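Visitor: sequence first, predicted model second:
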Amino acid sequence: MELFDDIKVTYDDKSDKDLNRAYFLFKIISRPFFTKILTSVLQLAIKMRFPIKGIIKAIIYKQFCGGTSIQASQSIVDNLWRSGIGTILNFSAEGKENLEDFTRTKEEIIATIQKASQSDNIPFAVFKPTAITSFSLLEKITKKENLNKQELEKKKEFESRVNEICKIAFELKVPLFIDAEESWIQGAIDEIVMEMMQKFNVEKTWVFNTLQLYRKDRISYLKEILSDAKNKNYFIGLKLVRGAYHKQEIERADHLDYSCPVHRKKEDTDKDFNLAQKICIENIDRISFCSATHNEESAAYLTDLISQQNLKKDDKRILFSQLLGMSDHITYNLANKGYFIAKYVPYGPVKDMIPYLIRRAEENTSIAGQMSRELTNIIKEKKRRKNS
């Protein structure tokens, strides 16, 4: 697509070493068989406590992660900003189960908000709900099951942690994304995020929910919350994604024999994603949103919508975003053309990042054309440099 074709712009801040590492990595994960072996070996090695952190950090971690801490990620933040690209620091802990981990993660999330409040180049903060409460609790709340005394206390603690994080973001004027998770725990997340939007988005948008557009019900949900926001006079914040748990959603629905909550055909997800963008643009005075996509057509479609509505390219109510290490041809070319854009930059100790890295490898393999695009662009740039 012509909008994203300037390869020199795409890789202007990458060294030959960076290119070679990316080529090697994407070459491996472009083959599902090798990816399956790689992820299995990673999981086994961590379980058996093999000393492989150095290898992981040098190859896959270096491609997709900012660093082991906020401070260690600073060079990535600075490097992106030189190309007009913001950073969303994402402490990528997930699947935690005890109070000590929940408290530690909450404090780290607050530290990213504080860092963002002091930095023009970090326009948003983000957190994942399963980093600050247990998966099982969110599942029971979503199912509307009766909670025992201990679970009610844990629910209260979770709500308190979410409120504290959102309150600090509101006070420090840092927009905050709350990530979406599996459909069978998302109901609990939607409920608490709606409360936070009603509480803190009275004059401006600070709290953002995440809509996974592979879910069949998300367009109707978007229309519902839009109506509610108009009636109750608050602003909506949304991050639009296609969704990260497609395989698990389908397998679970088939195994437990219930109606599958997600689209089985990619074109249906694509259609809903673009429709969600259109609804958001048409209601831009009520909705601020992030288009978090690696899909060229969806990114280009949003640039068309912005133009049609005579909005500024860098309108702060409309953010484009991609993950660090992926789809640089979209990110860097949009930044070069003046759009408001930021990279999701996950960070954290290598061991804590393993679930995230495995998901990235598995996702990349399953996204049609993703790896061929990445590899084709890298090869083009390597040839361009050789010829110049």
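Guide: On my side now, so go ahead.
Visitor: what ranges does the stretch 51-200 of the chain have for its strands?
Guide: For the stretch 51-200 of the chain, the strands defined by DSSP state E, counting those that start in this stretch cover 86-91, 124-127, 176-178.
Visitor: so which of these gets nearest residue 356?
Guide: Shortest separation from residue 356 across those is recorded for strand 86-91, at 8.8 Å, computed as Cβ to Cβ. (C-beta placed from N, C-alpha, C; glycine too.)
Visitor: direction included, what does that closest one pair up with?
Guide: The sheet places strand 86-91 alongside strand 124-127 (parallel), strand 341-347 (parallel), with pairing taken from DSSP bridges.
Visitor: for residue 327, find the nearest of those strands.
Guide: strand 341-347 (9.7 Å).
Visitor: mind listing residues that contact the closest one?
Guide: If you take Cβ atoms under 8 Å, 6 or more residues apart in numbering as the criterion, strand 341-347 is touched by 64-70, 72-73, 76-77, 80, 84-92, 123-124, 126, 292, 319-324, 331, 334-335, 353, 356.
Visitor: now, of those, which are buried?
Guide: Taking 16 or more other Cβ atoms under 10 Å as the criterion, what is buried in the contacts of strand 341-347 is 64-68, 70, 73, 76-77, 80, 84-92, 123-124, 126, 292, 319-324, 331, 334-335, 353, 356.
Visitor: before we move on, the earlier item: so which of the contacts of strand 341-347 belong to helices?
Guide: Those of those mapping onto helices are 64, 76-77, 80, 331, 334-335, 353, 356, per DSSP state H.
Visitor: from those residues, which two are the most distant?
Guide: 334 and 353 (26.7 Å).
Visitor: the residue nearest to residue 6 when sequence neighbours are not counted and residue 266: what is the separation?
Guide: What sits nearest to residue 6 in space, not counting adjacent residues and going by Cβ to Cβ, 6 or more residues apart in numbering, is residue 333, at 5.5 Å. From residue 333 across to residue 266, the span is 24 Å (Cβ to Cβ, to the nearest Å).
Visitor: cool, residue 316 as well?
Guide: According to Cβ to Cβ, residue 316 and residue 266 sit 31 Å apart.
Visitor: and residue 76, by the same measure?
Guide: 31 Å.
Visitor: over to residue 102?
Guide: Residue 102 sits at a distance of 36 Å from residue 266 (criterion: Cβ to Cβ).
Visitor: who has more neighbours out of the two?
Guide: The residue with more neighbours, out of residue 102 and residue 266, is residue 102; 21 against 14, by other Cβ atoms under 10 Å.
Visitor: nearest residue to the more buried one other than its sequence neighbours?
Guide: residue 132 (4.9 Å).
Visitor: in a strand, residue 290, correct?
Guide: Yes - the secondary structure assignment for residue 290 places it in a strand, going by DSSP: H, G, I helix; E, B strand; the rest coil.
Visitor: need the per-residue pLDDT for it.
Guide: The predicted local distance difference test score for residue 290 is 98.
Visitor: near it, how many other residues are there?
Guide: Applying other Cβ under 10 Å, we find 28 residues neighbouring residue 290.
Visitor: swap in residue 254?
Guide: Burial of residue 254 is recorded as 10 neighbouring residues (other Cβ under 10 Å).
Visitor: tell me who's in contact with the closest residue to residue 335 other than its chain neighbours.
Guide: In space, and not counting its chain neighbours, residue 335 is closest to residue 84: 4.2 Å by Cβ to Cβ, 6+ apart. Residue 84 sits next to 335-336, 338, 341 when contact means Cβ under 8 Å, 6+ apart.
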